[in-house]
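> Just need the structure, nothing else, for what follows:
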Amino acid sequence: MNFQLREFQYLDKDGLFKIIPEYPEFAWFEGIVNSLTHRNYSIIGDYIRVSLYDDRLEIFSPGKLPNIVTLDNMKNTRYSRNPRIARVLSEFGWVKELNEGVKRIYDEMDGFYLNNPTYSEPNRNSVLLVLENSITSRTLRVEDRIQKNFDESVFNSLNEYEIKIVQFLMTNEKITVKIASSLTKRSDVTSRNNLKQLESIGILQWHGSNKKDPTQYYTLSPKYK
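Numbering: from 1, shown residues only. Next up, the predicted model:
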């Protein structure tokens, strides 16, 4: 499933272009493993389901929480509904007791500056884990700035690659030809032309000592920040 999850690009403080995954790997992997370990296998006709949406990932498991475990105490209460399955998966290093994995899911989401995971019991006969990403808040923040700072006719005149560059600079301080090429999946020549076009219409500012300066880069013009 990992290949279906998105990755977001950002410019780190060290000036390097880096990638952050949509969700921490431990969180979604542990959620799936917990579903396999603790689901109620006496329920026939229903299945563990993993659903991907634009703003969240959902993991559904048939059967309510086991025995003494509740939504309120699940971070601190140990119990295995299927101890043999738990033991085998534990030997592979894939699972711990229920509460240990749940606590770390919370920690991992917090480490990615994402909302806490949410657990619920739909129909009181299943367990649903929801992991939210930051795509909604990130998209809304960028769209708000675009609507506020850009004349609609100017923005509509841009091609899809120039729009990606502008959107990137809404959340990053600067961009180079190499970064633009990686961002748009186009050649350096095409990306350089896109940057120059944005400069020519006053959206970007060029910074460098000369056209061959290896440290040259572009920023948004002050009126668009």
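
> The chain: strands as residue ranges?
7-11, 17-21, 49-52, 56-62, 118-120, 126-132, 204-207, 217-220 (DSSP state E).

> With distance to residue 69 as added columns, please give those strands in a markdown table.
Placement of C-beta: from N, CA and C, glycine included. Putting the strands of the chain into a markdown table (distance: least, C-beta to C-beta, whole Å) gives the following:
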| stretch | distance to residue 69 |
| --- | --- |
| strand 7-11 | 34 |
| strand 17-21 | 29 |
| strand 49-52 | 21 |
| strand 56-62 | 13 |
| strand 118-120 | 10 |
| strand 126-132 | 10 |
| strand 204-207 | 55 |
| strand 217-220 | 51 |
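
> any idea how this protein splits into domains?
For the chain, the structural domains run 2-133, 136-224, going by automatic domain parsing.

> Turn those into CSV, columns for mean neighbour count.
Below are the domains of the chain laid out as CSV (neighbours: other C-beta atoms under 10 Å):
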stretch, mean neighbour count
domain 2-133, 15
domain 136-224, 15
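
> For the ones you listed, give me a markdown table that also has mean pLDDT.
Output for the domains of the chain, formatted as a markdown table (pLDDT from 0 to 100):
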| stretch | mean pLDDT |
| --- | --- |
| domain 2-133 | 84 |
| domain 136-224 | 87 |
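
> Quick check: the gap between residue 217 and residue 178.
Distance of residue 217 to residue 178, given as C-beta to C-beta, to the nearest Å: 10 Å.

> Give me the common contacts of the two.
Common neighbours of residue 217 and residue 178, counting by C-beta atoms under 8 Å, 6 or more residues apart in numbering, are absent.

> which one of the strands of the chain lies closest to residue 168?
For residue 168, the closest of the strands of the chain is strand 7-11, at 7.5 Å, according to C-beta to C-beta.

> And the nearest residue to residue 224 once chain neighbours are set aside, how far from residue 135?
Sequence neighbours aside, residue 149 is the residue nearest to residue 224 in space, at 4.9 Å (criterion: C-beta to C-beta, 6 or more residues apart in numbering). Computed as C-beta to C-beta, the residue 149 to residue 135 distance reads 21 Å.

> same question, residue 202
The value you get for residue 202 to residue 135, if C-beta to C-beta is used, is 30 Å.

> can you check residue 172 too?
From residue 172 to residue 135 the distance is 17 Å (C-beta to C-beta).

> for residue 19, same thing?
15 Å.

> now residue 45
Applying C-beta to C-beta to residue 45 and residue 135 gives a distance of 34 Å.

> rewinding a little: the residue nearest to residue 224 is in contact with residue 221, isn't it?
No - the criterion here is C-beta atoms under 8 Å, and residue 149 misses it with residue 221 at 9.8 Å.
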